[in-house]
Every structure is written in structure tokens, then in C-alpha cells.
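**Q** Starting from these lines, generate the structure:
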Amino acid sequence: MGSFYLANIFKIERNLKANTWKEERKKLAVAYLNNEDNIRSNRDECRMMV
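**A** Got it, this is the predicted structure:
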């Protein structure tokens, strides 16, 4: 029973790490897309000024 319990803890830990990694990647992707949008809108504003 002891080893089974330990194996489950390791599995849970691995899943948690995988999930946080996915979340971090999602946050990075969203930040990147927001940044791209900002760059685009700034470029458009600059064009309007000229």
C-alpha cells in the first residue's frame, strides 16, 4: 500500500507541473498576442499622424 500511495503522489505532482506549464504557456501566448495588437495599433496611430 505504501508504494502505491507514493506512486500516486508522484503522478499527481507530475500532472500539476504539466498543468502549470500549460497555463504559463497560455499566459505567454496571450501576452504575445496582446503585444502584437498594441504594436499594430501604435503603427496605425503613427500613420494617421503623418
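**Q** okay, CA-based contacts and neighbour counts for the rest of this
**A** OK.
**Q** Now do stretch 10-24: distance to the chain's middle.
**A** 13 Å (Cα atoms, centre = their mean, to the nearest Å).
**Q** Could you write out the alpha-carbon coordinates of that stretch in PDB?
**A** Extracted in PDB, the C-alpha atoms of stretch 10-24 (Å, rounded to 0.1, in the frame of the first residue of the first chain):
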ATOM      1  CA  PHE A  10       4.400  11.400  -7.800                       C
ATOM      2  CA  LYS A  11       1.800  11.100 -10.600                       C
ATOM      3  CA  ILE A  12      -0.300  13.900  -9.100                       C
ATOM      4  CA  GLU A  13       2.900  16.100  -8.800                       C
ATOM      5  CA  ARG A  14       3.800  15.400 -12.400                       C
ATOM      6  CA  ASN A  15       0.300  16.300 -13.600                       C
ATOM      7  CA  LEU A  16       0.400  19.500 -11.600                       C
ATOM      8  CA  LYS A  17       3.700  20.500 -13.100                       C
ATOM      9  CA  ALA A  18       2.300  19.700 -16.600                       C
ATOM     10  CA  ASN A  19      -0.800  21.800 -16.000                       C
ATOM     11  CA  THR A  20       1.100  24.800 -14.600                       C
ATOM     12  CA  TRP A  21       3.400  24.600 -17.600                       C
ATOM     13  CA  LYS A  22       0.300  24.700 -19.900                       C
ATOM     14  CA  GLU A  23      -1.100  27.600 -18.000                       C
ATOM     15  CA  GLU A  24       2.200  29.500 -18.300                       C
END
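**Q** Distance of A7 relative to E13?
**A** Separation of A7 from E13 (Cα to Cα, to the nearest Å) stands at 10 Å.
**Q** swap in Y32?
**A** Applying Cα to Cα, the value for Y32 to E13 is 28 Å.
**Q** now do I39
**A** 39 Å.
**Q** all helices of the chain, in order?
**A** Secondary structure of the chain (DSSP state H): helices at 2-49.
**Q** what about this protein, any weak spots by pLDDT?
**A** 1 (pLDDT under 70).
**Q** what about 80?
**A** 1-3, 49-50 (pLDDT under 80).
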